[in-house]
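**Student:** give the three-dimensional model of this entry:
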Amino acid sequence: MTDLQTISWIFLATALATNTKPTDISGISSVADGINHAVPTQKELQTSIAWLTTKGLVIKRGKNYELTSKGKLAYESASKNTQTVMKIWENIELNFNGYGDN
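**Tutor:** Purely as a prediction, here's the structure:
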């Protein structure tokens with residue numbers, strides 16, 4: 001996977017894992033495994049979350065993570081007109097391509 005695909009995957013996992021309440025890194029990792037049938041490495045998680053935090057899409061509160069308002073808008077935009085997880089993931093990747101510094 002490219003860096004942008006990995007970041008998009010972790011963002012999607014974070015969005016789904018925090019749908020009702022903030023979650024820790026283990027919760028994000030579990031959802032990521034469900035999406036991609038692969039457990040993300042520590043490096044993939046750390047690099048992705050650092051990028052997402054820098055871009056103002058994810059925030060850490062204590063040991064838990066959640067989407068910011070900007071992150072929620074990005075997820076809603078990617079989810080518009082589709083219900084399939086793979087298409088949402090693809091849309092997130094396309095949208096993040098415009099963020100630069102990938």
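
**Student:** please count neighbours and contacts with C-alpha atoms only from this point.
**Tutor:** Will do.

**Student:** give me the residues contacting the lengthiest helix in the chain.
**Tutor:** If you go by DSSP state H, the chain has its longest helix at helix 3-17. Here helix 3-17 makes contact (Cα atoms under 8 Å, 6 or more residues apart in numbering) with 23, 27-29, 31-32, 35-36, 44-45, 47-49, 51-52, 65-67, 72, 75, 88-90, 92-93, 96-97, 102.

**Student:** ok, and for that helix, which residues are buried?
**Tutor:** Buried residues in helix 3-17, counted by 16 or more other Cα atoms under 10 Å: 4-17.

**Student:** ok, so of the residues you listed, who is nearest Ile59?
**Tutor:** Of all these, Ile59 sits closest to Thr14, with 10.5 Å by Cα to Cα.

**Student:** rewinding a little: out of the contacts of helix 3-17, which are inside helices?
**Tutor:** Going by DSSP H, the helices hold 27-29, 31-32, 35-36, 44-45, 47-49, 51-52, 72, 75, 88-90, 92-93, 96 from these.

**Student:** separate out the buried members of those residues.
**Tutor:** Looking at those with 16+ other Cα under 10 Å, the buried ones turn out to be 27-29, 31-32, 35, 44-45, 47-49, 51-52, 72, 75, 88-89, 92-93, 96.
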